[in-house]
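A.B. asks: No letters, just coordinates:
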Ligand SMILES: Nc1ncnc2c1ncn2[C@@H]1O[C@H](COP(=O)(O)OP(=O)(O)OP(=O)(O)O)[C@@H](O)[C@H]1O
Ligand SMILES: Nc1ncnc2c1ncn2[C@@H]1O[C@H](COP(=O)(O)OP(=O)(O)OP(=O)(O)O)[C@@H](O)[C@H]1O
């Protein structure tokens with residue numbers, strides 16, 4: 001269905017090809033998972049399938065890509081639209097209409113599908129993706145996850161024979177992600193649709209894959225059966241890491257198979273107490289931010305209802321909850337620039353006595369510069385914060401604003417790492433001359449995180465910060481968040497990434513329809529929940545383990561299973 005014949009892609013201004021002499025053939029009805037570190041070229045590979053690369057991205061494509069017998073060199077994306085449906089990483093970017101219903105119908109209109117068929121498919125898709133209540137809503141007023149669902153739906157309605165999905169579940173809550181993937185799998189099994197799917201959260205998708213296409217980072221592509229590729233690959237979901245540590249062969253890829261394989265492991269672990277995932281401070285830190293009665297409403301409809309929240313020094317809090325439950329609205333209200341229908345926020349003064357220490361107060365009432373030093377927010381669409389011409393300019397600007405360095409060199413009297421140093425930990429090897437627009441999505445996020453982390457505000461709010469980040473970058477992010485917390489800051493991470501929450505947070509707050517419905521230590525809140533439990537917890541339940549590291553700490557080498 002899809003063939004790559006000696007394909008190389010070189011972007012303008014670079015010498016190194018992103019893809020190098022790639023040969024690949026994907027059969028009809030195959031679901032292929034595309035994996036690789038941030039910036040290795042997954043989106044480039046996917047974009048080549050419908051001709052977005054190079055027709056829209058620039059650069060040069062050597063070799064031949066054919067889809068359903070059509071050469072993408074002679075067929076621009078518009079002429080492939082009846083065969084290939086593409087969902088990109090940034091749904092807002094891809095929208096062409098204004099409302100949910102219009103967007104779901106648009107692709108069909110372009111293909112001149114009859115109105116009666118259109119009606120029927122729109123209704124089916126609204127139900128399939130849980131969008132019925134939102135059908136008349138404006139697209140730009142939807143939450144991130146709601147937008148992502150619409151983007152997926154708008155492609156499904158056209159019934160393409162090939163689906164190209166670039167991180168389709170990155171903004172979805174765990175249940176919605178499962179539903180979307182189940183729907184996609186049904187198309188593969190029942191209608192023989194061919195799917196190419198790039199995803200960093202492998203724990204969500206491995207069990208559905210027929211084949212894995214791995215981009216190891218040298219421009220080449222390795223493809224094979226999932227268990228075969230994951231035996232050796234440098235990227236692996238927790239289930240695979242656990243399987244490797246325990247010496248399971250063949251590697252189980254579904255929780256169900258892993259639970260069977262794990263019987264001896266569970267027996268071996270019984271009686272041993274799992275070490276804590278994170279070092280827990282002896283006493284709770286001082287309250288840095290106190291919010292009371294926070295209410296956010298859009299045209300009279302409440303999205304956050306009278307929320308009270310205290311954020312303490314040294315604490316990393318995961319904010320979780322369904323798509324549309326009010327997480328982003330709450331974060332923006334705390335930060336001060338979002339709407340607030342009622343309630344107060346108070347950030348305490350900086351007691352460190354450092355020159356120019358922040359005064360404290362309600363960030364909404366302070367000057368932008370003052371507020372930024374109290375509360376920082378990395379938004380869900382980080383590119384909103386990038387406006388300069390090169391990565392280097394962005395980093396330098398961040399250092400000047402935060403006083404952490406000048407031009408990348410640490411300035412006298414400052415302690416924090418420069419934005420460049422932070423970026424290199426999250427996504428190594430980005431050329432400073434690159435225009436931020438040309439970065440991969442994961443690289444853009446890493447850049448925005450570096451800018452915000454360099455400012456090291458007392459309270460740092462991260463809205464879905466692991467979208468597009470590979471496991472390596474997430475581990476780095478966890479380490480940096482840890483350092484900030486250890487330095488007396490308070491960090492809140494709004495996330496659907498249960499694996500990240502399990503490793504990064506000591507406290508989990510769950511929102512449902514704008515109310516806090518759970519608030520407690522991570523282990524208590526997420527192990528008890530079928531939705532938020534990470535893979536290791538599911539595999540080893542009822543034992544209270546959350547991460548592979550906890551298991552290996554108890555069983556060095558994992559030989560207990562032998
Ligand atoms: N239009 C472009 N012009 C120049 N360079 C580009 C362009 N698009 C991507 N690149 C570069 O090509 C490389 C591969 O990018 P790509 O988006 O394919 O990576 P990716 O594997 O999808 O990353 P992520 O996991 O972050 O989505 C990156 O280093 C990126 O900076
Ligand atoms: N500008 C807006 N106008 C109208 N409604 C809005 C607006 N922004 C958000 N909403 C609605 O408010 C509710 C909460 O949205 P919010 O973005 O806070 O949710 P969220 O928990 O962050 O969701 P997600 O996990 O999908 O990012 C949603 O139902 C959303 O559709």
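C.D. replies: Nice, I can see it. Keep in mind it's a predicted model, so treat the numbers as computed, not measured. Numbering: from 1, shown residues only. Ligands and ions are numbered 1, 2, ... in the order given.
A.B. asks: who touches residue 277 in this structure?
C.D. replies: Going by Cβ atoms under 8 Å, 6 or more residues apart in numbering, residue 277 touches 502-503, 522-523, 546-547, 549-550. Using the backbone N, CA and C atoms, a C-beta is placed for each residue, glycine as well.
A.B. asks: So which of those residues is the closest to ligand 2?
C.D. replies: residue 502 (18.0 Å; Cβ to the nearest ligand atom).
A.B. asks: For that closest one, what is the enclosing helix or strand?
C.D. replies: helix 498-504 (DSSP states H and E).
A.B. asks: So which elements touch that helix?
C.D. replies: Helix 498-504 is packed against strand 316-320, helix 471-486, strand 490-494, helix 522-527, helix 535-540, with contacts defined by 3 or more Cβ pairs under 8 Å, 6 or more residues apart in numbering; DSSP states H and E.
A.B. asks: CSV for the ones you listed, including mean neighbour count, distance to ligand 1 and mean pLDDT?
C.D. replies: Shown next, in CSV, are the helices and strands packed on helix 498-504 (neighbours: other Cβ atoms under 10 Å; distance: least, Cβ to the nearest ligand atom, whole Å; pLDDT from 0 to 100):
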stretch, mean neighbour count, distance to ligand 1, mean pLDDT
strand 316-320, 26, 22, 96
helix 471-486, 19, 9, 87
strand 490-494, 26, 19, 96
helix 522-527, 20, 26, 86
helix 535-540, 24, 21, 93
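A.B. asks: export those to CSV and tack on distance to residue 36?
C.D. replies: Listed next are the helices and strands packed on helix 498-504 as CSV, based on distance: least, Cβ to Cβ, whole Å:
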stretch, distance to residue 36
strand 316-320, 27
helix 471-486, 11
strand 490-494, 24
helix 522-527, 28
helix 535-540, 21
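A.B. asks: quick one: which of the ones you listed is nearest residue 164?
C.D. replies: Closest of the helices and strands packed on helix 498-504 to residue 164 is helix 471-486, at 23.0 Å (criterion: Cβ to Cβ).
A.B. asks: Taking the protein, what residue is nearest to ligand 2?
C.D. replies: Proximity of the chain to ligand 2 (Cβ to the nearest ligand atom) peaks at residue 145, 2.8 Å away.
A.B. asks: who are the neighbours in contact with that residue?
C.D. replies: By Cβ under 8 Å, 6+ apart, the contact list for residue 145 reads 171-173, 176, 323-324, 496.
A.B. asks: biggest separation within those residues, which pair?
C.D. replies: Spatially, the most separated pair among those is 324 and 496, at 11.9 Å (Cβ to Cβ).
A.B. asks: So for the two, which sits in the more crowded spot?
C.D. replies: Regarding residue 324 and residue 496, a neighbour count based on other Cβ atoms under 10 Å identifies residue 496 as having more, with 29 against 23.
A.B. asks: quick one: that one is in a helix?
C.D. replies: No: using DSSP: H, G, I helix; E, B strand; the rest coil, the assignment for residue 496 is coil, not a helix.
A.B. asks: Per-residue pLDDT of it, please?
C.D. replies: Here, the pLDDT recorded for residue 496 equals 94.
A.B. asks: before we move on, the earlier item: out of the contacts of residue 277, which one sits closest to ligand 1?
C.D. replies: For the contacts of residue 277, the minimum distance to ligand 1 (Cβ to the nearest ligand atom) is 19.7 Å, reached by residue 503.
A.B. asks: now the closest one: how far from residue 548?
C.D. replies: Noted for residue 503: a distance of 10 Å to residue 548, by Cβ to Cβ, to the nearest Å.
A.B. asks: Low-confidence regions, this structure specifically.
C.D. replies: Within the chain, the ranges that satisfy pLDDT under 70 run 281, 350-358, 403-415, 556-562.
A.B. asks: So it: which segments form each domain?
C.D. replies: The chain breaks down into these domains under automatic domain parsing: 2-256, 287-513.
A.B. asks: who touches residue 32 in this structure?
C.D. replies: Each residue near residue 32 by Cβ under 8 Å, 6+ apart is listed here: 26, 195-197, 209-213, 223.
A.B. asks: of those residues, buried ones?
C.D. replies: Among the contacts of residue 32, those classed as buried by neighbour count (16 or more other Cβ atoms under 10 Å) are 26, 195-197, 209, 211-213, 223.
A.B. asks: what does the protein put close to ligand 2?
C.D. replies: Contact residues (Cβ under 6 Å from any ligand atom) of the chain with ligand 2: 141-146, 171, 298, 303, 321, 323-329.
A.B. asks: So which of these are in helices?
C.D. replies: Applying DSSP state H to the residues of the chain next to ligand 2, the entries found in helices are 144-146, 327-329.
A.B. asks: Nearest to ligand 1 among these?
C.D. replies: Using Cβ to the nearest ligand atom, residue 144 is the member of those that lies nearest ligand 1, at 16.3 Å.
A.B. asks: how near is the closest one to residue 448?
C.D. replies: Separation of residue 144 from residue 448 (Cβ to Cβ) stands at 15 Å.
A.B. asks: Counting neighbours, what do you get for residue 372?
C.D. replies: Residues near residue 372, counting by other Cβ under 10 Å: 20.
A.B. asks: Surely it touches residue 456?
C.D. replies: No: Residue 372 lies out of contact with residue 456 (Cβ atoms under 8 Å); the separation is 10.8 Å.
A.B. asks: Give the partner strands of whatever helix or strand residue 295 lives in in its sheet and their orientations.
C.D. replies: Residue 295 is located in strand 287-298, with elements delineated by DSSP H and E. Sheet pairing for strand 287-298, assigned by DSSP bridges, gives strand 301-312 (antiparallel), strand 342-347 (antiparallel).
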